[in-house]
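Student: what shape does this take:
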Amino acid sequence: MMFPSPSAARRMICLLLACLSLAGCRLEDLTPQQIGMIASSVQTIGKASRPVSDEEEYYIGRAVAAQLTATYPLYRNKRLTEYLNLVGQTLALHTEQPTTFGGYHFAVLDTPEINAFACPGGTVLITRGMVASVKNEDELAAVLAHELGHVIHRDGIAAIQSSRWSQALLIIGSQAAREFSSKDTAQLVSLFQGSIDDVVKTLVVNGYGRDQEKKADLAALGYLVAAGYDPQGLVGYLDRLQEAGRGSKGGILATHPGTDERLENVREAGVPSVDRSGFPRRSKRFAEMVP
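Tutor: Below you'll find the predicted structure:
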């Protein structure tokens, strides 16, 4: 969704003028107020076709995270949360988007389910079950790097129905909405909640598409290498999902494409070799921090 180009704006003005003409009005008969209404209408149409701003994405992401934590409470382990943020922030600094409007935030959800969620705007939630399923810091970094890929690619925002977002922007951008009526407010609340539900449904139920998952995995390889982690950690992470799938069909296994397919994509892309001299130190830190 983009702002209309100058030519598109001209076409919209012509269309509005044509409608006036059909109604028996001539351009020279228009009052300044009527001309202002035409300009306002064109501006409103432009606002309704614009993308979600960084600030809006941040607040949508906060609402998504709040809805998820209402189902899965936060795991109250300060050391683990700080450790998770140390790894996550390090990775974020080595992405193509090292900062967001509200910053990156990482937290653990208190559930044995194996899952991870990338909320729009930069909040990444990983379950206690996922933390327990990885074997070292490089695998943990791979999980976070993959979710960062979804955040940076705005995959969560893409889940919002475009018609729902356009309708909300039309209400916000309309001249009549300078003073919201109770009906306007109720409709905006409903549209906003619907947008949140769209994202949560994608994260928890439907999952991302194959192309989105492939791009997130390939982005994760780059983030891991840039941050000094072993990209083989991503292969280990996917192997961990396969192992979990032998006895369970829930969690992340229900919301991602087949692990075999993802492993094949990663291996076809080529997993570069990196200096592993820091691996023992990272493994020791992981053992100390992960209960």
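
Student: pull out the buried positions in the longest helix seen in the chain.
Tutor: If you go by DSSP state H, the chain has its longest helix at helix 182-201. Buried positions in helix 182-201, judged by neighbour count with 16 or more other CB atoms under 10 Å: 188, 191-192, 195-200. C-beta here means a position set from N, CA and C on the backbone, and glycine is covered the same way.

Student: could you do stretch 130-150 as well?
Tutor: Neighbour counts using 16+ other CB under 10 Å place 130-131, 133-150 of stretch 130-150 among the buried residues.

Student: go on, stretch 107-116?
Tutor: Under 16+ other CB under 10 Å, the buried positions of stretch 107-116 are 107-109, 111, 113-116.

Student: next one: phi and psi at the residue nearest to V271 when sequence neighbours are not counted?
Tutor: Sequence neighbours aside, P231 is the residue nearest to V271 in space, at 5.0 Å (criterion: CB to CB, 6 or more residues apart in numbering). Torsion angles at P231 (phi, psi; degrees, to the nearest 10) stand at phi -70, psi -10.

Student: list the contacts of P231.
Tutor: Applying CB atoms under 8 Å, 6 or more residues apart in numbering, we find P231 in contact with 142, 220-221, 224-225, 271-272, 274.

Student: just to revisit the earlier point, tell me which of the buried residues of stretch 130-150 fall in helices.
Tutor: Per DSSP H, the buried residues of stretch 130-150 map to helices at 130-131, 133, 137-150.

Student: please report phi then psi for L125.
Tutor: phi -110, psi 130.

Student: ditto for F106
Tutor: Phi and psi for F106, reported as degrees, to the nearest 10, are phi -130, psi 140.

Student: okay but it is in contact with V131, surely?
Tutor: No - taking contacts as CB atoms under 8 Å, F106 lies outside contact range of V131: 11.2 Å.

Student: joint contacts of the two?
Tutor: Counting by CB under 8 Å, 6+ apart, the residues touching both F106 and V131 are L84.

Student: pLDDT weak spots in the chain?
Tutor: 1-50, 163, 165-166, 168-181, 184, 189, 244-257 (pLDDT under 70).

Student: if we go to 50?
Tutor: 1-6, 8-28, 30, 34-35, 37-48, 175-177, 246-251 (pLDDT under 50).

Student: wait, what's in contact with the closest residue to A227 other than its chain neighbours?
Tutor: Counting by CB to CB, 6+ apart, H94 is the residue found nearest to A227 once chain neighbours are left out, at 4.3 Å. By CB under 8 Å, 6+ apart, H94 lies in contact with 223, 226-227.

Student: where does H94 land in three-state SS?
Tutor: Classification of H94 by DSSP: H, G, I helix; E, B strand; the rest coil places it in coil.

Student: repeat for P51
Tutor: Once three-state DSSP is applied, P51 turns out coil.

Student: number of residues surrounding it?
Tutor: Neighbour count for P51, taken as other CB atoms under 10 Å: 13.

Student: hang on, the earlier thing: please tell me how far the residue nearest to A227 sits from E213.
Tutor: Distance, H94 to E213, by CB to CB, to the nearest Å: 21 Å.

Student: show me the helices in the stretch 1-150 of the chain, by range?
Tutor: Under the criterion DSSP state H, counting those that start in this stretch, the stretch 1-150 of the chain carries helices at the ranges 6-22, 32-48, 54-71, 78-92, 128-133, 137-152.

Student: which residues touch the shortest one?
Tutor: It stands for helix 128-133. Helix 128-133 is contacted from outside by 75, 80, 84, 108-116, 140, 143, 240-241, 243-244, 251-252, 290, using CB under 8 Å, 6+ apart.

Student: 7 Å instead, please
Tutor: By CB atoms under 7 Å, 6 or more residues apart in numbering, the residues outside helix 128-133 that reach it are 75, 108-116, 143, 240, 244, 251, 290.
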